[in-house]
Structures are given as structure tokens and as C-alpha cells.
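Asks: Have a look at this fold, sequence not included:
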């Protein structure tokens, strides 16, 4: 297992990060603990969660259960010091948490206290904003993205108030570092400028969707993150399981799989998507690689990636994903992947 420094921090995180969003719906507490134990045995030291998890479905009744699964593991294992723990505060749009209130100093303080209690810990290593108040082009909203209604001055005032809150929580020992999620290049630059101008905590990571099928990060955000030392935490690197090849072009839908639980995969299933998946599966087969392992390993080759977040419902899926850390993709594989990308540039 390789390890990378997270942004400008002293945090050394494993190149693979264990995601937790199925714990509490598709996975029991015991299954979540088994996943953590297996990941740690293979060198993973990074766990990502959020106050709104689990998903599939995301409901008010189960909200926070993923954090509570982690908390029970911490309490029973005594291994809090062996993991880098990341969570997120939710904001406007999801009414299951604080009735959909936007992110503010007050909601951060309330959410953080709840997360600390749920996870039975005194501090969070990386605290992230799950999505920006002003909206995001992530979640397949890029097709109709319109920033013309945004208020720049209001957003900049919001940044300062949040950074001052984060600064106080860092000084109180409750947060170590700060990150964003589902952000744009312009938004991230605004956060970085404000922290530099005022000597406040800086953004050291950005958690955005990134995979062979979703490469919106490759241009402006890639440039920003390289030059400003902001590490990408790539989520959905298997495109919700599509890149594993298990769906056989949509003809096979295993019971309990993500596609079975969430038909359409939140806009990812399009007529263009299945041919793209087939192209990447064909590359893997040509070179004798497991498709899922190739997709995960490829994300790790990108120069701006700090860690690749994978999730699973079965232990054998966890084991399969962990093996990607042992794979080195040849120049021939990378060339074939690039050709497939040119032929299938935006599948969804």
C-alpha cells in the first residue's frame, strides 16, 4: 500500500480509502466492522463517512448510522489512533438533516458535535463540506449548470464565517484539517484565497466524483489542485459498480446491487454509458486485468489524486478492491484507456 501526504498537512493517507455509505442500509454493523478490519490488515488507514450516510436509500430514520457503525468499531477495537477519519457536514437541499438548513457556523457546530458523539471520538482528522451552499454541477447537474444566480459577495462572506468557525474548532482540538466536496475550480480558489489573506485554515482536499466514466476533474480542477497542493479524494471510482463489469451491459442486475436498489443510478445510466463500460472492460480483458482493479488503479495514477474512495457491500468485493494497490498499469494499458476515453468522452 502506498501513502500520500494530504495537501499541505502532515497527514499520510493510504492510496485507497474505505467508504462507508452502505453501512446501516445494505450492510449491518458487523459487516461494516469486518470491512474495516480487512482494510486495515491490508494497509488502509483512511475511512470516509458523512453525517447523512447511509444511502440507498438515504432516509431520516437511518441518517447517521454509518458514523455510529464506525463509533462502535472505535469503542470495541481501541484503534482510533490507527485511522485517519474523515466526515462531512451536509447542507441545503436534503431535508432529513436540520430540515435542509444551509451550511453555517451554527450547523457546523451542531453537526460536528453529533458526529463526534456518533463516532465516539474527540476529534475528526478531516472535516469536509459535503456540497456548497450556492449549488454544484456535480451529481450529473453539469448538463444544466447555470451559475448566473450566484451572489459572489454573499459567498465570500460565507467563506470567511465558515473558515473562522473551522479555525476555532481546530484550536479547540475537535478538527485537524479542512476539505471541500462537490466543489468547482472557482469555488475552491475562493476558499484558498480567503484562507491565505486571513491566515485561516486552508483547504487541503476536495472530494469529487472521479472515474474512467466521469472525468470533469481533468482540466481546471486538475490544474488548480496541482498548483495549490489540494489533494483529490476520488469518490465513485467504479462509477457505482458499473466499471466492475458485473452488469453485463445492463442484462444482468444482481439482487441487492446498487443498480437493483437505485434504478438509473442517479442519472448515470444512459444509452452512451453501456458502450463506454464495454470499452473499458475490453481493455482490462485484453491485458489480463480485473476491470474493477484496473479502474481503481487508474484513478491512483492521476497526479492530483491523494486517495481513491471505494465502497462495497460484500467482503469479497473489499478484497478485490484492495488488490488494486498491487497493480502497476503499463504504458500499453494507459494508452488503451486514453483511446477508450477519446471514443467515449462523456458517457453520462
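Replies: Okay, I see it. Just so it is clear, the model here is predicted, and its values are computed rather than measured.

Asks: CA atoms for contacts and neighbours, from now on please.
Replies: Will do.

Asks: Show me where the stretch 51-200 of the chain has its strands.
Replies: 84-89, 124-129, 175-181 (DSSP state E, counting those that start in this stretch).

Asks: The longest one pairs with which strands, parallel or anti?
Replies: Applying DSSP bridges to the sheet, strand 175-181 is found paired with strand 124-129 (parallel), strand 203-209 (parallel).

Asks: Which among those is found nearest to residue 227?
Replies: strand 203-209 (12.0 Å; C-alpha to C-alpha).

Asks: And for the helix or strand that the closest one is followed by, what's in contact with it?
Replies: As assigned by DSSP states H and E, the chain's next helix or strand after strand 203-209 is helix 220-228. Under the contact criterion C-alpha atoms under 8 Å, 6 or more residues apart in numbering, helix 220-228 has outside partners 184-185, 189, 230-232, 303-304.

Asks: Show me what the following helix or strand past helix 220-228 is packed against.
Replies: Next in sequence after helix 220-228, counting helices and strands by DSSP H and E, comes strand 231-235. Other helices and strands packing on strand 231-235, by 3 or more C-alpha pairs under 8 Å, 6 or more residues apart in numbering; DSSP states H and E, are strand 203-209, strand 305-310.

Asks: Quick one: buried ones out of the contacts of helix 220-228?
Replies: Neighbour-count burial (16 or more other C-alpha atoms under 10 Å) applied to these gives 184, 189, 230-232, 304.

Asks: and which of these is nearest residue 18?
Replies: For the buried ones among the contacts of helix 220-228, the closest approach to residue 18 (C-alpha to C-alpha) belongs to residue 232, at 14.8 Å.

Asks: residues contacting residue 123?
Replies: 116, 173-176.

Asks: ok, it to residue 209 distance?
Replies: Distance, residue 123 to residue 209, by C-alpha to C-alpha, to the nearest Å: 26 Å.

Asks: Please apply the same query to residue 120.
Replies: In terms of C-alpha to C-alpha, residue 120 sits 28 Å off from residue 209.

Asks: More neighbours: those two, which one.
Replies: Taking residue 120 and residue 209 together and counting by other C-alpha atoms under 10 Å, residue 209 has the greater number of neighbours (23 against 18).

Asks: Once you drop chain neighbours, what's closest to that one?
Replies: Nearest residue to residue 209, sequence neighbours excluded (C-alpha to C-alpha, 6 or more residues apart in numbering): residue 235, at 4.7 Å.

Asks: ok, now residue 236?
Replies: Leaving aside its sequence neighbours, residue 236 sits nearest to residue 209 (C-alpha to C-alpha, 6+ apart; 5.7 Å).

Asks: top helix in the chain by residue count?
Replies: Using DSSP state H, we find that the single longest helix of the chain is helix 152-171.

Asks: List the buried residues in it.
Replies: Buried, per 16+ other C-alpha under 10 Å, within helix 152-171: 155, 158-160, 162-167, 169-170.

Asks: How about stretch 314-321?
Replies: With burial defined by 16+ other C-alpha under 10 Å, the residues of stretch 314-321 counted as buried are 318, 321.

Asks: The closest residue in space to residue 140 that isn't next to it in sequence - how many residues pack around it?
Replies: Distances taken as C-alpha to C-alpha, 6+ apart place residue 267 nearest to residue 140, at 6.5 Å, with adjacent residues excluded. Residue 267 has 11 neighbours, counted by other C-alpha under 10 Å.

Asks: doesn't residue 348 make contact with residue 267?
Replies: Yes: contact criterion C-alpha atoms under 8 Å: residue 267 and residue 348 qualify, at 7.2 Å.
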